[in-house]
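Structure of the sequence below:
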Amino acid sequence: MIKKKMYEYRADLLLLSVAIAWGVTFLMVQEAIDSTPVYAFLFFRFTLASFLMFFIAYKYLKETNLKTLLYGVVLGSFLFSAFATQTFGLAYTKSSIVAFITGLNVICVPFLAYFIFKDKVRKNVFIASIVAVAGLYLLTMSGVLTLGKGEFLTLICAFLFALHIIFTGKFSKEVNVFVLVLFQLITVSILSLAFSLILDDTTFNLQYDYTFFKAVLVTAVFATVYAFLIQTYMQQFTTATKTAIIFTMEPVSASVFAYFAANEILTTTQIYGAILIVFATLVAELNFKKESSVT
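Model prediction:
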């Protein structure tokens, strides 16, 4: 029991490093897509990540089967669709509202996990989800929340990210993790290329400068290969709901990094929001002996 708990703590800590990696690279991505179409950028990011992941997964390729391929395509489709709806949502509403609604996947996860797989959630973990949402609101919101086209698209995005987290936890226990991540990244790369060719003004005639190469390289290595390999592997040892709560640390790390790297101002309200999110992650780690659920 103690050994199992240690595995869970290690998984949660490494998932926290994923949230930090995403947060730290957020500003870099913003700078890159100022001059590069979104889907073209995703194509280059995930294509490079796929090549890197191929060399990491090479010795496990013999374990490839139809189930692994199918699971990889499903996860990749969830992930790309979440990116796509989030991007379209940004065209119709403020980025702060998109950031908040996307974070609502932390509430979607426990309900979807219960309805799809009958997974129960510890009371403290559910409470932590609510606290995390409150923290997200204070940290990210700077506009009036309505239910327009942009908000609706972003709600779909939150739903898709929740499904990605839930099914990652299930699939990672059934097939080889390295091969699963490889096919997931390849799926996102192919879908990004297709969408870029259809929707972007250009896919290959880009401004290949230092900002572009730095963003592609750093996000491919840290925010893609490292992030999704760690997420997929470590979700074998923790729960989907706790993973979603830990991932709410992404906007916290993004805000802190922007404060030091770009001199962006953090308001008192935003600081309170960040504190609530940190508190939520700590509450999620509590374990009461009377609780019989393992979720």
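
need the contact list for the nearest residue to F88 once chain neighbours are set aside.
Excluding its sequence neighbours, the residue lying closest to F88 (Cβ to Cβ, 6 or more residues apart in numbering) is L153, at 5.1 Å. In this view, the C-beta of every residue, glycine as well, is placed from N, C-alpha and C. Residues near L153 by Cβ atoms under 8 Å, 6 or more residues apart in numbering: 85-86, 88-89, 92.

got the residues you listed as a markdown table, with neighbour count, pLDDT and secondary structure columns?
Output for the contacts of L153, formatted as a markdown table (neighbours: other Cβ atoms under 10 Å; pLDDT from 0 to 100; DSSP: H, G, I helix; E, B strand; the rest coil):
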| residue | neighbour count | pLDDT | secondary structure |
| --- | --- | --- | --- |
| T85 | 22 | 94 | helix |
| Q86 | 22 | 91 | helix |
| F88 | 17 | 88 | helix |
| G89 | 26 | 89 | helix |
| Y92 | 15 | 86 | coil |
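
From these, pick the one nearest F279.
Lowest distance from F279 to the contacts of L153 (Cβ to Cβ) belongs to Q86, with 26.4 Å.

pretty sure the closest one is touching T154, no?
Yes. Applying Cβ atoms under 8 Å, one finds Q86 in contact with T154, separated by 6.2 Å.

Quickly list what's touching both of these two.
With Cβ under 8 Å, 6+ apart, Q86 and T154 have common neighbours 98, 102.

picking that back up, element containing the residue nearest to F88, please.
helix 149-171 (DSSP states H and E).

Contacts for the helix or strand that that helix is followed by, please.
With elements assigned by DSSP H and E, the helix or strand that comes after helix 149-171 is helix 177-199. The set of residues external to helix 177-199 that reach it, using Cβ under 8 Å, 6+ apart, is 37, 39-40, 42-43, 46-47, 49-50, 53-54, 56-57, 60-61, 63-64, 68-69, 71-73, 75-77, 79-80, 83-84, 171-172, 203, 224-225, 228-229, 232-233, 236.

In helices, which of these appear?
39-40, 42-43, 46-47, 49-50, 53-54, 56-57, 68-69, 71-73, 75-77, 79-80, 83-84, 171, 228-229, 232-233 (DSSP state H).

Can you turn the buried part of those into a PyMOL selection?
Buried subset of these, written as a PyMOL selection, criterion 16 or more other Cβ atoms under 10 Å:
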select buried, resi 39+40+42+43+46+47+49+50+53+57+68+69+71+72+73+75+76+77+79+80+83+84+171+228+229+232+233
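
For D209, what are phi and psi?
When quoted as degrees, to the nearest 10, the phi and psi of D209 stand at phi -110, psi -170.

out of everything not next to it in sequence, what's closest to it?
Nearest non-adjacent residue to D209, counting by Cβ to Cβ, 6+ apart: S35, 7.7 Å away.

Just to check, that neighbour is in contact with F212?
Yes. Counting by Cβ under 8 Å, F212 is a contact partner of S35 at 7.2 Å.

Please consider this matter closed, and thank you.
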